[in-house]
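# With the sequence up front, the predicted model follows.
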Amino acid sequence: MTDGEEAPSSELLSRRHVLIGGALLAASAVAFARQPRTAKPLVKSATFEKWVPASFAEWTLEGTSGVVLPPPDSLSARLYDNLVTRVYSSPLGDVMMLVAYNNKQDGVLQVHRPEICYPTGGFTLTDTRRIPVRALGTSIPSNTFTAANRDRTEQVVYFTRLGKFYPRSWAEQRIAVVEENLAGRIPDGILFRVSLLSTNGPAAVDRLRGFIGAFARAADPSLQKLLIV
């Protein structure tokens, strides 16, 4: 071949490389733009604790001990950027509260559900029942169960929020993460759990519902926005 025949072939090859490279670059840019982004900023622990009221309505802060905690594991530091436990006292008895928050809930790291925490602590659970809980004018999909061991019987009410969803099971929780990701968001997540010592389930649930409503009204507006969407 002569030099005159080689130049056009080389030029064509270079153009093809440029076109392929440009297409790959454009595809990478689109993929990056569609990656889910964290929806909420990280909250400092000291700030989060200030959002939790010390007293409200007939409830006063009694302490922090006696609350059943999530099981420790190698992921706890990421699972619970914010974890606050409180025991509130009233003339009718004490209520134990746990609120756990993380600004990033992906497909692997998600808040533990209480059905995992209590058996780890040696409790036997009844079946979980689905109930609504009203707070700040919103009906929140929630769960309740009874946890018992040799020393105590605890009535538990809780709800979890991931992004704009209130999942009531692990399956719903995973679906919520997927739907938020498809919308371009890595959702935040919060677990709000209250309990009291009683063998009378229906009466205890009524009291805990009232507690949740009063707590939500007294909470800092920033915490209200994390609890209710």
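Happy to help now that I have it.

# This structure - how does it break down into domains?
1-35, 37-227 (automatic domain parsing).

# Where do the strands of the chain begin and end?
Secondary structure of the chain, counting by DSSP state E: strands at 37-38, 55-56, 59-63, 82-90, 93-102, 124-125, 129-135, 138-148, 153-162, 185-186, 189-197.

# picking up where we left off before, comparing the domains of the chain by mean pLDDT, which bottoms out?
Mean pLDDT values for the domains of the chain show the minimum at domain 1-35, a mean of 49.

# re the thing from before, for the domains of the chain, give me a markdown table that also has mean neighbour count.
Just so you know, the C-beta spots here come from the backbone N, C-alpha and C atoms, and that holds for glycine as well. Below are those laid out as a markdown table (neighbours: other CB atoms under 10 Å):
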| stretch | mean neighbour count |
| --- | --- |
| domain 1-35 | 9 |
| domain 37-227 | 17 |
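
# will you turn the strands of the chain into JSON lines that also has distance to residue 178?
Below are those laid out as JSON lines (distance: least, CB to CB, whole Å):
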{"stretch": "strand 37-38", "distance to residue 178": "16"}
{"stretch": "strand 55-56", "distance to residue 178": "37"}
{"stretch": "strand 59-63", "distance to residue 178": "38"}
{"stretch": "strand 82-90", "distance to residue 178": "24"}
{"stretch": "strand 93-102", "distance to residue 178": "18"}
{"stretch": "strand 124-125", "distance to residue 178": "27"}
{"stretch": "strand 129-135", "distance to residue 178": "21"}
{"stretch": "strand 138-148", "distance to residue 178": "18"}
{"stretch": "strand 153-162", "distance to residue 178": "10"}
{"stretch": "strand 185-186", "distance to residue 178": "11"}
{"stretch": "strand 189-197", "distance to residue 178": "14"}
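
# which one of these lies closest to residue 216?
Nearest of those to residue 216, taken as CB to CB: strand 129-135 at 3.9 Å.

# for that closest one, the distance to its chain's centre please.
Strand 129-135 sits 17 Å away from the centroid of its parent chain (CA atoms, centre = their mean, to the nearest Å).

# contacting residues around it?
Residues from elsewhere that reach strand 129-135 (CB atoms under 8 Å, 6 or more residues apart in numbering): 139-145, 157, 159, 168, 205, 209, 212-213, 215-217, 227-228.

# now do 6 Å
With CB atoms under 6 Å, 6 or more residues apart in numbering as the test, strand 129-135 has contacts from 139, 140, 142, 144, 168, 209, 212, 213, 216.

# With stretch 52-69 instead?
Residues outside stretch 52-69 that contact it (CB under 6 Å, 6+ apart) are 84-85, 87-90, 96, 98, 117-118, 121, 214, 218-219.

# what's the first-to-last distance across that stretch?
Start-to-end span of stretch 52-69 (CA to CA, to the nearest Å) is 18 Å.
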